Structures are given as structure tokens and as C-alpha cells.
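S.K.: The sequence and its predicted three-dimensional model are supplied below.
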Amino acid sequence: MSAALTISETDGLPRVLAGLDMRRSIPLREHLARHGRLELRRGELAPELEASGLSGRGGAGFPVARKVRAVAERRGRPVVVVNAAEGEPTSGKDKLLLRHLPNLVIDGAAALARELGAGEAFIVYSASARHAGDALRAALADRAARRFDHCTIEAVELPTGYVRGQETAVVQYLNGGPALPTVMPPRPFQSGVGGAPTLVQNAETAAHVALIGRYGSAWFRELGTSSEPGTALFTLTGAVGRRGVYEAPLGTPLRDLVAEAGGLEGAPGAFLVGGYAGAWIDEGTAASLKLDDASMRTRGGTIGVGAVAILAGAACGVCATARIVRFLASESAGQCGPCLYGLDAIATEFERPRPDTARIERWLGQVSGRGACRHPDGTARLIASALKVFRTELHDHEPSRCTRTR
């Protein structure tokens with residue numbers, strides 16, 4: 001996957017992707033030459049995070065300062081976990097950061113650990129991202145040889161899988177169990193790695209933390225919207241000129257981001273925004289869509305992990321959705337009925353000729369909000385959007401006779 005930077009540097013970008021060189025991993029000396037050393041005393045980072053309004057970039061969009069505060073208020077020495085497992089098939093931002101800008105992610109982990117008084121931190125990546133893992137381990141070894149960080153930071157390879165990157169699955173794996181979601185409570189901030197209060201943040205989030213620690217909350221809020229400040233990394237795939245990872249302020253019109261990526265390849269069929277737990281957006285709506293959660297919520301979706309997949313106009317949206325739903329059903333952790341049986345039943349119905357949309361809608365109400373984790377919820381959101389965007393195609397769809405590309 002290629003990568004590019006949106007907007008010119010005179011517009012305040014790039015930030016997270018500053019110094020990116022797709023040919024190599026940026027070593028510590030170059031990283032420091034660009035950003036300088038992150039010098040923070042304990043107690044200085046949390047107020048800046050609060051003032052920045054930074055929200056997590058892993059999909060849920062939870063305020064980072066609130067999670068930090070929740071861990072800090074617990075008894076016991078905390079643990080920090082940076083989650084770069086990235087099980088979402090349409091996203092590549094975290095793998096890119098670990099492979100090419102690992103020191104920025106490590107800086108964020110170290111800064112959070114210092115703020116919380118944590119003695120150890122873990123950076124977790126997927127087994128399918130070996131090159132990213134190698135770059136991360138090399139960066140950690142370089143820093144350890146220089147005694148650069150005040151705490152122990154360890155890279156951990158996680159088995160590949162869609163739900164294995166869920167935060168409770170990551171914590172359970174670090175505790176020696178299977179990488180599968182667990183029922184909450186307790187939540188990780190209450191009892192996580194080794195029973196300690198644990199802060200889990202996404203890799204991109206850690207990179208933003210490192211920059212806020214250096215440049216401050218006011219700088220961070222210069223871009224984005226008042227309610228959703230800062231920039232985010234967006235992975236563009238599908239029918240677009242230059243597929244890759246782009247950085248843009250939150251609130252950027254989707255059409256502007258697509259233009260930066262070389263424009264559309266022909267007439268689009270629809271846009272999948274937010275990854276497999278996101279929502280389909282029709283072409284007409286996409287023309288005025290802004291990339292922030294406030295805009296997406298009015299359309300039943302979320303920007304999630306910042307993934308935007310563009311379906312070609314010649315492709316079949318029903319076939320594409322059926323394939324995605326079957327994948328999501330197969331990725332079930334198998335720990336609860338709504339996920340194990342409900343998603344499989346919906347996937348099977350979607351694969352039938354002329355799917356019964358009324359039945360699917362009824363089943364969505366039976367699985368949404370009832371799973372042991374949020375996997376059924378994200379799947380239900382995707383399917384609900386497909387029922388709206390592809391309603392006409394669903395009414396007459398014959399999978400075995402579909403002549404459109406898939």
C-alpha cells in the first residue's frame with residue numbers, strides 16, 4: 001500500500017506523518033532532529049491532553065484524557081498498552097506508523113507511562129504485520145541500548161484476527177490467555193495486565209500524544225473542528241487513483257480527500273466509511289460528507305478507524321456486502337449466541353437470491369447490543385446501511401446470475 005500526505009505543509013500538515021519515508025524506517029537520530037526530545041515531568045501531560053480534546057483513533061473515539069484519568073484514579077502501579085493490532089482489513093495506518101515512524105509511537109507510550117507512573121508498557125502488533133514488527137523491535141532495541149526511556153517497553157506479536165485486536169482480547173493475551181474478547185466488567189482500566197489498572201490506546205493515538213506532549217494542546221487544536229480537533233489518518237482503498245494512508249484535519253470534506261488521492265477511478269457505486277464496522281454511504285450523500293463523527297452519526301455511521309473504501313460503479317454492492325458480512329460472521333469469537341448464530345444467519349440470508357430484508361432487519365434488532373463484545377454491533381451497523389443504500393439491488397438480486405464485478 002502506498003502512502004501520501006494530504007494538503008501542503010503551509011497548511012499545517014503533515015503532523016503525524018512528518019518525515020515519512022516509505023523506503024525505510026526513520027531512525028531515532030532523525031526522529032529527534034525533526035521533533036526534538038520529549039521532555040515532560042509527571043503531571044504535565046494530562047492537562048494538555050484534557051485541553052487538546054484528543055479522542056482515540058482506534059475506532060471508539062473515546063476521550064483520551066478521560067481514560068488516562070480513570071487509570072490514574074485506581075490503586076496499584078498501572079500498565080500502558082499501545083494497540084497496533086489493526087485487524088480491520090481496510091485500514092493500514094497503524095502498520096505504516098510502526099514500520100516507518102516507530103519512534104513517534106514509542107514516544108507516546110513512554111509519555112503515557114511516565115504520566116501514570118507505569119513501570120512497563122507493551123506495544124502490540126499483528127502477526128500478519130511482520131515488517132512493522134521488525135521495525136518496531138529494532139527501534140526499541142536502539143532506544144534500550146541508549147537507555148533512552150525511563151520504563152520497560154516491550155513489543156508483543158498478537159495472533160492475526162479481526163476481533164483479536166479488541167482491547168480486552170489484547171489484555172487477555174498479555175495475561176497468557178487466548179486473544180479473544182472477555183465479558184466486562186472488569187474493564188482494563190479497573191483490572192488489566194497482571195490485574196493492574198491498564199491504559200489501552202491505539203497506535204495512532206499514541207503518536208498524537210507524543211506530538212501534543214511536544215507542541216501543546218493549542219497547537220493541536222489549530223486543525224480540525226471545535227468539537228473534534230486535530231488531524232486523523234485515513235486509509236483510502238478501492239476505486240481511487242492513489243490508494244494509501246493520508247493525513248487530514250477532522251471535518252475535511254470527503255471529496256477533498258479523494259481529490260488528494262488522485263480522484264475517483266470512474267463513477268463510484270458507494271463509499272464504505274469507517275471500515276467493516278462503519279457504514280455504506282451513497283454517492284449523493286458522499287458529495288457533501290465531512291470526515292468527522294458528528295457528520296457520520298447523522299447518517300448512522302462513524303469514521304471509526306478512518307478507513308474509506310470506494311466501491312466502483314461497475315461493482316455489485318450486494319455481493320460486496322455479502323462477502324464482508326460472511327467474513328465478519330467467520331471472525332466471531334464464538335463466545336455468545338448473537339455473534340455465533342445471529343451473524344451467521346444474517347450472512348446466510350444475505351447470500352440468498354432476493355434476500356428477505358424484513359427478516360434481516362428483525363434479526364439486526366436481536367443481535368445489536370446483545371453480544372459479549374461490540375462485534376455484533378459494528379456488523380449490524382454495516383448491514384443496516386447496506387439495506388438503505390442497496391435496497392433496490394437487494395430486491396432483485398440473484399447471486400448466481402449477478403453479472404456485475406465483485
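M.R.: Received the coordinates, thanks. Numbers count the residues shown, from 1 in each chain.
S.K.: continuing past the host helix or strand of Thr168, what's the next helix or strand?
M.R.: Assigned by DSSP states H and E, Thr168 belongs to helix 167-174. Using DSSP H and E, the helix or strand that follows helix 167-174 in sequence is strand 198-202.
S.K.: angle of that next one against helix 167-174?
M.R.: With axes from the mean of the first three to the mean of the last three Cα atoms, to 10 degrees defining the directions, strand 198-202 sits at 120 degrees from helix 167-174.
S.K.: Which strands border strand 198-202, and is each parallel or antiparallel?
M.R.: Strand pairing for strand 198-202, using DSSP bridges, gives strand 79-84 (parallel).
S.K.: Could you pull out the helices in the stretch 51-200 of the chain for me?
M.R.: 64-72, 93-100, 102-116, 130-145, 167-174 (DSSP state H, counting those that start in this stretch).
S.K.: An error on my part: the question was meant for the stretch 251-400 of the chain.
M.R.: 254-260, 283-286, 293-297, 317-330, 337, 343-350, 357-367, 375-389, 391-396.
S.K.: how far out from the middle of the chain is the shortest one?
M.R.: On the basis of Cα atoms, centre = their mean, to the nearest Å, helix 337 sits 26 Å off its chain's mean C-alpha point.
S.K.: ok, residues contacting it?
M.R.: For helix 337, there are no external contacting residues (Cβ atoms under 8 Å, 6 or more residues apart in numbering). The way it works is simple: take the backbone N, C-alpha and C, and place the C-beta from them, glycine included.
S.K.: what's the spacing between the nearest residue to Glu154 once chain neighbours are set aside and Ser368?
M.R.: Of all residues not flanking Glu154 in the chain, Phe122 sits nearest, at 5.3 Å (Cβ to Cβ, 6 or more residues apart in numbering). Phe122 is 32 Å from Ser368, where distance means Cβ to Cβ, to the nearest Å.
S.K.: repeat for His208
M.R.: To Ser368, His208 is 30 Å away according to Cβ to Cβ.
S.K.: Give me the more crowded residue out of those two.
M.R.: His208 (27 against 19; other Cβ atoms under 10 Å).
S.K.: so the more buried one makes contact with Gly230?
M.R.: Yes. With contacts defined as Cβ atoms under 8 Å, His208 counts as touching Gly230 at a distance of 6.4 Å.
S.K.: Tell me the residues that contact both of those two, please.
M.R.: Here His208 and Gly230 have 54, 220 as joint contacts, going by Cβ under 8 Å, 6+ apart.
S.K.: what's the burial count for Leu40?
M.R.: Other residues near Leu40 number 15, with proximity taken as other Cβ under 10 Å.
S.K.: Could you tell me how far it is located from Val258?
M.R.: Counting by Cβ to Cβ, the gap from Leu40 to Val258 is 38 Å.
S.K.: Tell me which residues touch Arg99, please.
M.R.: Neighbouring residues of Arg99 by Cβ under 8 Å, 6+ apart: 25, 129, 131-132, 135.
S.K.: For it, give me the pLDDT.
M.R.: Looking at Arg99, its pLDDT reads 98.
S.K.: Around the closest residue to it other than its chain neighbours, how many other residues sit close by?
M.R.: Among residues not flanking Arg99 along the chain, Ala132 sits closest, at 4.2 Å (Cβ to Cβ, 6+ apart). Per other Cβ under 10 Å, the neighbour tally for Ala132 reads 25.
S.K.: isn't Ala132 right up against Lys93?
M.R.: No. Counting by Cβ under 8 Å, Lys93 is not a contact partner of Ala132; they are 11.0 Å apart.
S.K.: circling back: with respect to Thr198, which of the helices of the stretch 251-400 of the chain lies nearest?
M.R.: helix 375-389 (20.9 Å; Cβ to Cβ).
S.K.: Just list what the closest one packs against, helices and strands only.
M.R.: The helices and strands touching helix 375-389, judged by 3 or more Cβ pairs under 8 Å, 6 or more residues apart in numbering; DSSP states H and E, are strand 279-281, helix 317-330, helix 343-350, helix 357-367.
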